[in-house]
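Undergrad: below are the sequence and a predicted model for it; my questions follow.
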Amino acid sequence: MNHSPAFLELVNQTRKKIHESTTDGLIQRLSDEKGFILIDVREESEYKNGHIPGAIWMGKGIIERDIEMRIPEKKTEIWLYCGGGYRSVLAADNLQKMGYTRVVSVDGGFKAWTNIGREVIKPV
């Protein structure tokens, strides 16, 4: 997908304000077996077509509305991913603005995950 220049500029400026990790960082974090929450911020239809094991869905359109009900503790470690690593950057910034202190966006998102052949959960 080709993104508009203004959108890319917004994401690039926002990227400077958040924490990002590579897919390898997520793989390492998943193997640590310490508590954190992985959230898929893509559209619900995207999530239902396949998602990273252990991820819960809270789309970019509703995460700011629902996050405090689902994850009230603002010190909870939260990792976000989307399709390519753009929407998760914006969601991470908003969660930080809402007081969440341990938020990480996965650079490259679901596309990077699948490009390296990692497991995907698909409904039957």
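TA: Cool, the structure landed.
Undergrad: what distance separates stretch 38-45 from the centre of its chain?
TA: In this view, stretch 38-45 has its centroid 8 Å away from the chain centroid, taken as Cα atoms, centre = their mean, to the nearest Å.
Undergrad: let me redo that: stretch 70-79
TA: 13 Å.
Undergrad: export that stretch as PDB, just CAs?
TA: C-alpha atoms of stretch 70-79 as PDB (Å, rounded to 0.1, in the frame of the first residue of the first chain):
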ATOM      1  CA  ARG A  70      -9.300  -3.800  29.400                       C
ATOM      2  CA  ILE A  71      -5.900  -2.800  30.900                       C
ATOM      3  CA  PRO A  72      -6.500  -0.400  33.800                       C
ATOM      4  CA  GLU A  73      -2.900  -0.600  35.200                       C
ATOM      5  CA  LYS A  74      -0.900   2.000  33.400                       C
ATOM      6  CA  LYS A  75       2.400   0.400  34.200                       C
ATOM      7  CA  THR A  76       1.500  -2.800  32.300                       C
ATOM      8  CA  GLU A  77       3.900  -3.600  29.500                       C
ATOM      9  CA  ILE A  78       2.000  -3.400  26.200                       C
ATOM     10  CA  TRP A  79       3.300  -4.300  22.800                       C
END
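Undergrad: once you drop chain neighbours, what's closest to the residue nearest the centre of the chain?
TA: By Cα atoms, centre = their mean, the chain has its centre lying nearest to residue 80, at 1.8 Å. Excluding the flanking residues, the one nearest residue 80 by Cβ to Cβ, 6 or more residues apart in numbering is residue 88, at 4.1 Å. Using the backbone N, CA and C atoms, a C-beta is placed for each residue, glycine as well.
Undergrad: list the contacts of that neighbour.
TA: 41, 80-82, 105-106, 109 (Cβ atoms under 8 Å, 6 or more residues apart in numbering).
Undergrad: next one: residue 80
TA: Counting by Cβ under 8 Å, 6+ apart, residue 80 has contacts 38-39, 41, 88, 91-92, 95, 103-106.
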